[in-house]
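Colleague: need coordinates for the following:
(one chain, ligands or ions: 1)
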Amino acid sequence: MTEVQLDAWGACVDFPIFDAKTRSLKKSVLGKAGGVIGANESDVVVVEALKNIDLHLQHGDRIGLVGHNGAGKSTLLRLLSGIYEPTRGACRIRGRVAPVFDLGVGMDPEISGYENIIIRGMFLGMSRREMLKRVDEIAEFTELGDYLTMPLRTYSTGMRVRVSLGVVTSIDPEILILDEGIGAVDADFMRKARVRLQELVKRSGILVFASHSNEFLAQLCDRALWIDRGEIRMDGDIESVVGAYEGPDAARHVREVLADVAGDAAAGA
Ligand SMILES: Nc1ncnc2c1ncn2[C@@H]1O[C@H](COP(=O)(O)OP(=O)(O)OP(=O)(O)O)[C@@H](O)[C@H]1O
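Modeller: The predicted model follows:
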């Protein structure tokens, strides 16, 4: 079995902004949201989206990321997926990454739902043969019936999300990188999808998940990182991190969700 590991050593990600207006930036105040704005050695304005990230994840780790808008969560997910190279420091990815940022990516409006299922699965690292084995089960999950023979452009947004979620939750990823935004489907379907998401997470080697939903975080992760202005401000169990970031009410909510999850697991055992 291949070793599944994600490592970052002092990793930084800067975005140079060549058309920024430096004079107005000098006058700007440091807001609550967004990364730190600075300048590099060539005096070009840069957003320091990530600073000195040290992170070492191995098989079985399920990490949630919390933090304000612009704190650096999505940038960290992209760094850990190999989409961004660190500007300084280093990052090493061992294992097959399935990055799920945008459920619509990798879908073609001109081909059928069935064909999209195969292609989207291949985009996430599965082989055509593996996807052919799964296609009937995914089709059943979507409840879209004969619509799956129609071109995707004839689908509503929620219908597309059903196809994407069906595929995403059918794969066997070694490293699953999940951004939130898995909304847009009706409540009944989301309940069904949640069970599949939990099963997906169970068979993934490593999960890194960014979300503003504490409920989702508590259901899928057992550890959290608070990202603040591009740095890891806190690393610990979900309840402590959410408590420090959002206060005691949010921590209590996490505790209730964790108790529900434990109850469900005991009932299913
Ligand atoms: N392509 C880019 N070019 C320039 N700046 C960027 C780019 N992507 C992100 N940033 C900046 O990097 C910082 C971190 O952004 P990021 O998207 O990682 O935040 P986030 O924590 O995911 O936020 P949110 O919760 O709002 O999704 C922000 O200040 C943002 O403006």
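Colleague: longest helix in the chain, please.
Modeller: helix 248-268 (DSSP state H).
Colleague: where's the most centrally placed residue in the chain, which helix or strand?
Modeller: By Cα atoms, centre = their mean, the chain has its centre lying nearest to residue 178, at 1.9 Å. Following DSSP states H and E, one finds residue 178 within strand 175-179.
Colleague: pLDDT below threshold where in the stretch 1-150 of the chain?
Modeller: 1-2, 20-34, 103-105 (pLDDT under 70).
Colleague: list the contacts for residue 245?
Modeller: Contacts for residue 245 (Cβ atoms under 8 Å, 6 or more residues apart in numbering) come out as 66-67, 226, 234. The way it works is simple: take the backbone N, C-alpha and C, and place the C-beta from them, glycine included.
Colleague: can you classify it by secondary structure?
Modeller: For residue 245, the assignment made with DSSP: H, G, I helix; E, B strand; the rest coil gives helix.
Colleague: tell me if stretch 90-100 is near the ligand.
Modeller: No - against the ligand, stretch 90-100 shows no contacts by Cβ under 6 Å from any ligand atom, the least distance being 13.8 Å.
Colleague: re the thing from before, out of the contacts of residue 245, which are close to the ligand?
Modeller: Restricting the contacts of residue 245 to those near the ligand - Cβ under 6 Å from any ligand atom - leaves residue 67.
Colleague: apart from its neighbours in sequence, what residue is nearest residue 243?
Modeller: residue 251 (3.2 Å; Cβ to Cβ, 6 or more residues apart in numbering).
Colleague: what residues are up against that neighbour?
Modeller: Residue 251 neighbours (Cβ under 8 Å, 6+ apart): 239-240, 242-243.
Colleague: and the two most separated of the residues you listed?
Modeller: 240 and 242 (7.6 Å; Cβ to Cβ).
Colleague: between these two, which is the more surrounded one?
Modeller: residue 242 (26 against 16; other Cβ atoms under 10 Å).
Colleague: so that one is in which element?
Modeller: Residue 242 belongs to helix 238-246, assigned by DSSP H and E.
Colleague: hey, C-alpha coordinates of that helix in CSV?
Modeller: Listed in CSV are the C-alpha atoms of helix 238-246, where the atom choice follows Å, rounded to 0.1, in the frame of the first residue of the first chain:
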residue,chain,number,x,y,z
ILE,A,238,-13.1,20.8,16.8
GLU,A,239,-14.9,21.8,20.0
SER,A,240,-11.9,23.8,21.4
VAL,A,241,-11.0,25.4,18.1
VAL,A,242,-14.6,26.5,17.2
GLY,A,243,-15.0,27.7,20.8
ALA,A,244,-11.9,29.9,20.6
TYR,A,245,-12.8,31.2,17.2
GLU,A,246,-16.6,31.7,17.7
